[in-house]
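Visitor: Based on what follows, work out the 3D shape:
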Amino acid sequence: MKTIILASVLCVTMAAPQSLQDPVAITRDDRVDNGDGTFSYVFEADNGISAQASGVQGSQGQSNIEGVYSYPLSDGSGFVEVRYVADENGFRAESPFLPTPHPTPAHVIELLRIAEEQRAAGITFE
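Guide: Got it, this is the predicted structure:
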């Protein structure tokens, strides 16, 4: 019986999730909520991850937020930084690390111009 209990405890111990990384210490966590829709926070961890944001009440009762977050690149060569705004006009993020669409080819621009001229002239295709 003792062997079965010991084997069960050993199985449960071995099945527990194992952390492959050291714990991350939070080095800064400042938060201010003024209760009127305005707030700010700053967060930093010892692994280089950081975030900060501030918010004000928007014209339609929402929170308008401006912020930035950053984290280290996996190869250790630098940091990714993303600045963002969320307001009445939606969410907009800026960073050289964010993907961007390919430029529109010149022939597509020309075809769009021709199509617009045809629409303006009343030409339709069915």
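
Visitor: Only C-alpha atoms from now on, for both contacts and neighbour counts.
Guide: Fine.

Visitor: for the chain, what helix or strand is lowest in average pLDDT?
Guide: Ranked by mean pLDDT, DSSP states H and E, the helix or strand of the chain with the weakest confidence is helix 2-15, at a mean of 60.

Visitor: Next secondary structure after it?
Guide: Once the chain leaves helix 2-15, the next helix or strand it forms, by DSSP states H and E, is strand 26-33.

Visitor: my read is Val108 is in a helix, agree?
Guide: Yes - counting by DSSP: H, G, I helix; E, B strand; the rest coil, Val108 is found in a helix.

Visitor: Can you check the pLDDT for it?
Guide: With respect to pLDDT, Val108 scores 94.

Visitor: Can you report how many residues neighbour the closest residue to Ser95 other than its chain neighbours?
Guide: In space, not counting the residues next to it along the chain, Ser95 is nearest to Val82; the distance is 5.0 Å by Cα to Cα, 6 or more residues apart in numbering. Number of residues near Val82 (other Cα atoms under 10 Å) recorded here: 17.
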